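Asker: output the structure for:
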Amino acid sequence: MRKGFLMVMAVVLVAAMAVPAMAEFSTSGFVRIKEHIEQNYRAGGAAGAQGGNFILPGADVNTASYVEQRQRFALNWKGENVGATAIFEIDFGNWGDSAYTVGRNQGAGLEADSINLETKNFYLWFNIPNTSMKVTAGLQNQTDSFGGMIFGYADMAGLFLTGNMAPVSYKLGWAKFQEGATLRDDDVDLYVAEVKFSPVKEARLGVDFYVLRDASGSNATAGAGAGTFNTNLNTIGRIFSDYGVGATAFTYDPATFYYLGVDGAFKAGPVGLSGYAFYNWGKIEGVNGTIGGDAIANGDADVKAYAVDLRADLDAGPGKLFIEGVYVSGSDRDSEDFESPITASNYALAGSFPLTSMDMQILFPNIDDINASAALAYDVQNKGRGLWAVAAGFRMKLNEAVSAKVGAGYLADVEAPGSGIKEHKAFEVNANLNYQVQKGMDLGIYGAYAFLQDWEDYGAQTVGTANLAKDADDIYKVMFRMNYAF
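Answerer: Predicted structure coming up:
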C-alpha cells in the first residue's frame with residue numbers, strides 16, 4: 001500500500017506540474033469506512049449464476065461482522081472552454097483480507113502492498129465555440145432519466161453532447177457497452193436522446209428515448225456465470241438457477257431494444273412532485289440452446305415492459321418528508337414474452353442502479369454502498385419477476401452538527417416464475433444518525449430490519465438453490481460509518 005500511495009502521489013504531482021499555465025488543476029474525493037454487523041444479508045458470488053448482488057436469504061444464518069473501505073479521488077484539469085477529468089478508486093473488501101496481491105477490492109491485510117488501483121472515469125470535455133453545446137468524450141458516468149432503472153451511475157465509454165436553448169435543454173449520446181471482435185458484428189451499443197422543457201424554474205417536463213442494440217448473442221457462454229463483463233441476455237437464467245431448474249445457454253440474432261418515456265418535476269411552495277414512466281419494446285429472434293433446461297430451436301420472444309414512478313417531497317416543519325411509489329411489469333409464468341425491462345445489469349453486474357431515491361438499505365441498493373452492496377431487488381428486472389414498492393422517509397437536523405433520518409418501505413414481486421413458487425414480499429424499517437465532526441468529516445450509525453414473507457430458504461451458512469418447503473429468516477444490518485469528503 002505504501003508503494004501504491006507513493007506512485008499515485010508521484011503521478012498527481014507530475015500531472016499537476018505539466019498542466020499549462022492557462023489551466024486550473026483541482027482534486028476532490030472521499031475516504032469511506034463502514035463496519036458491518038448483519039444477519040442473513042448475503043448474496044451469491046459476484047460471478048454467481050444466481051444473480052451476483054441479489055440478497056439470497058436463508059434460515060439459521062450466523063451473524064457476520066467485517067469492515068470495508070473505499071477511497072475515491074478525482075483529478076480535474078480545466079481551461080476556459082476545455083478540460084479533462086480522471087477518477088480513480090481503491091477498495092478494500094474487508095480489513096485484513098489479503099496482502100501482496102494483484103486484484104481489485106482487496107489489499108487490507110497485514111503489510112498490504114497490493115496492486116489494486118481502479119480507473120473509474122477518464123474523459124475530456126470541451127465547449128463548442130459560440131454555442132451552448134458541450135461535448136464529453138471518453139470513459140464517463142451516465143444515468144438515465146428513469147431513476148437509474150435502465151443504466152444508473154454507470155461508467156461507460158462514449159460520446160455525449162449537451163446543450164441549452166432556454167427553455168429547452170437536451171442530451172444526445174452514444175456509448176459502447178461491449179466491443180467483441182472488431183471484425184464482427186457482436187457489440188452492445190447504447191444510443192441516448194433526451195429533451196427537457198422548463199418554462200419556469202419550478203417545473204420541468206422531459207421526453208426520453210433510448211436504444212440498446214445487442215449483437216452479443218452469438219456467444220452462448222456469456223451469462224451470469226461469466227462475471228461482470230461478457231454478459232448478455234443469458235443472464236435471464238438467474239431465475240432458473242435460483243430453483244435448480246436447469247442450465248441456460250443460448251445464442252440469438254442481433255436484437256434492438258427501445259425505451260420511450262417521460263419524466264417531470266413540479267414544485268409549489270413546500271410541496272414537490274416528480275416522476276417518470278417508460279415503455280420498453282423489442283424482439284429477440286433466432287434463439288437456439290437451452291433456457292431453464294428446456295431446449296429451444298430457432299425461437300423468438302417479444303420484449304414488452306413498462307414502469308412508472310411517482311414521488312412527493314414536502315417541507316414538513318423542521319425536516320423533509322418524502323413518499324414514493326413504483327411499479328415495474330414482470331413476466332407472467334405462462335407468457336412466452338419477456339415482460340420485465342432489459343437493463344444494463346444484463347450486461348454488467350451493476351449496470352443499472354435503481355431507486356436509490358427511496359433510501360432503502362435492504363430492499364434496494366443504496367447510493368452510499370461500497371463493496372458489500374446487495375439488495376433483495378438489485379435491479380428492476382428482478383429476475384423477470386418485476387416489482388412494485390412504496391417507501392417513505394423523514395429527515396431533519398437535530399442541531400448544527402447532528403442529523404437523523406427514519407424510513408420504511410414495502411416491496412413485492414409482480415409475478416412468480418412458476419407453479420408452486422410464491423411472490424416475494426418484504427417490509428423494511430431503517431434509521432440513521434449522523435454527526436459532523438468537522439467540515440467534510442462525518443460519523444454515523446445506520447440500522448435496518450426487513451420482515452420477509454413468502455421468501456424461500458437459500459441455505460444456512462452457504463448459499464444454494466431455494467428450498468421451497470422452508471421459509472427464510474428476516475434480515476437485519478447495523479453499520480458504523482466514517483466518511484471524509486475533500
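
Asker: for the closest residue to G317 other than its chain neighbours, what are its contacts?
Answerer: Excluding the flanking residues, the one nearest G317 by Cβ to Cβ, 6 or more residues apart in numbering is M396, at 8.0 Å. For the C-beta atoms, the positions are set from N, CA and C on the backbone; glycine is no exception. By Cβ atoms under 8 Å, 6 or more residues apart in numbering, M396 lies in contact with 317-320, 403-405.

Asker: what average pLDDT does the host helix or strand of L75 get?
Answerer: Here L75 is covered by strand 63-78, with elements defined by DSSP states H and E. Per-residue pLDDT over strand 63-78 has a mean of 96.

Asker: same question, stretch 35-55
Answerer: Here the average pLDDT along stretch 35-55 is 76.

Asker: before we move on, what about stretch 352-365?
Answerer: Stretch 352-365 comes out at a mean pLDDT of 97.

Asker: hmm, back to that, who does the helix or strand hosting the residue nearest to G317 pair up with?
Answerer: Using DSSP H and E, M396 maps to strand 387-397. Counting by DSSP bridges, the strands paired with strand 387-397 are strand 319-328 (antiparallel), strand 402-412 (antiparallel).

Asker: and the first one, which residues are buried?
Answerer: In other words, strand 319-328. Neighbour-count burial for strand 319-328 flags 319-322, 324-328 (criterion: 16 or more other Cβ atoms under 10 Å).

Asker: can you check stretch 148-165 too?
Answerer: Within stretch 148-165, the residues that qualify as buried are 148-158, 160-162, counting by 16+ other Cβ under 10 Å.

Asker: can you add pLDDT, distance to Y347 and secondary structure and give these back as CSV?
Answerer: Below are these laid out as CSV (pLDDT from 0 to 100; distance: Cβ to Cβ, whole Å; DSSP: H, G, I helix; E, B strand; the rest coil):
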residue, pLDDT, distance to Y347, secondary structure
G148, 97, 15, coil
M149, 98, 14, coil
I150, 98, 11, coil
F151, 97, 9, coil
G152, 96, 13, coil
Y153, 96, 15, coil
A154, 97, 10, strand
D155, 97, 13, strand
M156, 97, 10, strand
A157, 98, 13, strand
G158, 98, 14, strand
F160, 98, 19, strand
L161, 98, 23, strand
T162, 98, 24, strand
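
Asker: what's the most distant pair in those?
Answerer: Largest separation among the buried residues of stretch 148-165 by Cβ to Cβ: M149 and L161, giving 23.1 Å.

Asker: what's the next secondary structure element after the helix or strand of the chain with the lowest mean pLDDT?
Answerer: The helix or strand of the chain with the poorest confidence is helix 2-18; it has a mean of 47 (mean pLDDT, DSSP states H and E). Remark: after helix 2-18, the chain's next helix or strand is strand 24-39, criterion DSSP H and E.

Asker: mind listing what that following strand pairs with, with the direction of each?
Answerer: For strand 24-39, pairing defined by DSSP bridges yields strand 63-78 (antiparallel), strand 475-485 (antiparallel).

Asker: columns distance to T343 and mean neighbour count on top of these, output as TSV?
Answerer: Below are those laid out as TSV (distance: least, Cβ to Cβ, whole Å; neighbours: other Cβ atoms under 10 Å):
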stretch	distance to T343	mean neighbour count
strand 63-78	24	17
strand 475-485	24	18
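
Asker: got those strands as a markdown table, with distance to F177 columns?
Answerer: Shown next, in a markdown table, are the strands paired with strand 24-39 (distance: least, Cβ to Cβ, whole Å):
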| stretch | distance to F177 |
| --- | --- |
| strand 63-78 | 23 |
| strand 475-485 | 30 |
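
Asker: may I see the buried residues of stretch 293-304?
Answerer: 296, 299, 301, 303-304.

Asker: residues in contact with that stretch?
Answerer: Counting by Cβ under 8 Å, 6+ apart, 240, 245-247, 250, 257, 279-290, 336-339, 342 sit against stretch 293-304.

Asker: 7 Å - rerun?
Answerer: Applying Cβ atoms under 7 Å, 6 or more residues apart in numbering, the external contacts of stretch 293-304 come out as 240, 245-247, 250, 257, 280-290, 336-339, 342.

Asker: what's the answer for stretch 94-101, then?
Answerer: 66-69, 106-114.

Asker: could I have it exported to CSV, CA atoms only?
Answerer: Written as CSV, here are the backbone C-alpha positions of stretch 94-101 (Å, rounded to 0.1, in the frame of the first residue of the first chain):
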residue,chain,number,x,y,z
ASN,A,94,-12.6,-6.4,4.2
TRP,A,95,-9.9,-5.2,6.6
GLY,A,96,-7.4,-8.0,6.9
ASP,A,97,-8.5,-9.6,3.6
SER,A,98,-5.2,-10.1,1.7
ALA,A,99,-1.7,-8.7,1.0
TYR,A,100,1.0,-8.8,-1.7
THR,A,101,-1.8,-9.5,-4.2
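
Asker: distance between that stretch and the chain's centre?
Answerer: Relative to its parent chain, stretch 94-101 has a centroid offset of 26 Å by Cα atoms, centre = their mean, to the nearest Å.

Asker: please, where are all the strands along the stretch 251-400 of the chain?
Answerer: 255-268, 271-291, 294-316, 319-328, 387-397 (DSSP state E, counting those that start in this stretch).

Asker: okay, the angle between the third one and strand 255-268?
Answerer: Angular relation of strand 294-316 and strand 255-268 on a 0 to 180 degree scale: 10 degrees, by axes from the mean of the first three to the mean of the last three Cα atoms, to 10 degrees.

Asker: for strand 294-316, C-alpha coordinates in CSV please.
Answerer: Output of strand 294-316 as CSV, limited to C-alpha atoms (Å, rounded to 0.1, in the frame of the first residue of the first chain):
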residue,chain,number,x,y,z
ASP,A,294,-35.6,-26.6,-22.0
ALA,A,295,-34.2,-27.0,-25.5
ILE,A,296,-35.1,-24.1,-27.8
ALA,A,297,-34.7,-24.2,-31.6
ASN,A,298,-35.0,-21.0,-33.7
GLY,A,299,-37.3,-19.5,-31.1
ASP,A,300,-38.3,-15.9,-30.6
ALA,A,301,-39.8,-13.6,-27.9
ASP,A,302,-41.2,-10.1,-27.8
VAL,A,303,-40.0,-7.7,-25.2
LYS,A,304,-42.8,-5.5,-23.9
ALA,A,305,-42.3,-4.0,-20.5
TYR,A,306,-43.1,-0.8,-18.7
ALA,A,307,-42.5,1.1,-15.4
VAL,A,308,-44.0,4.1,-13.6
ASP,A,309,-42.7,6.0,-10.6
LEU,A,310,-44.2,8.9,-8.6
ARG,A,311,-42.7,10.8,-5.7
ALA,A,312,-43.8,13.6,-3.4
ASP,A,313,-41.4,15.7,-1.3
LEU,A,314,-42.7,18.0,1.5
ASP,A,315,-41.0,20.6,3.7
ALA,A,316,-42.6,19.4,6.9
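
Asker: next one: that strand to chain centre, how far?
Answerer: On Cα atoms, centre = their mean, the centre of strand 294-316 falls 16 Å from that of its chain.

Asker: pLDDT averaged over that strand - what is it?
Answerer: Strand 294-316 comes out at a mean pLDDT of 95.

Asker: from what I see, F240 and F250 are in contact.
Answerer: No - using Cβ atoms under 7 Å, F240 is not in contact with F250; the gap is 11.8 Å.

Asker: in a markdown table, list the strands paired with strand 387-397 along with mean pLDDT.
Answerer: Formatted as a markdown table, the strands paired with strand 387-397 follow (pLDDT from 0 to 100):
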| stretch | mean pLDDT |
| --- | --- |
| strand 319-328 | 98 |
| strand 402-412 | 98 |
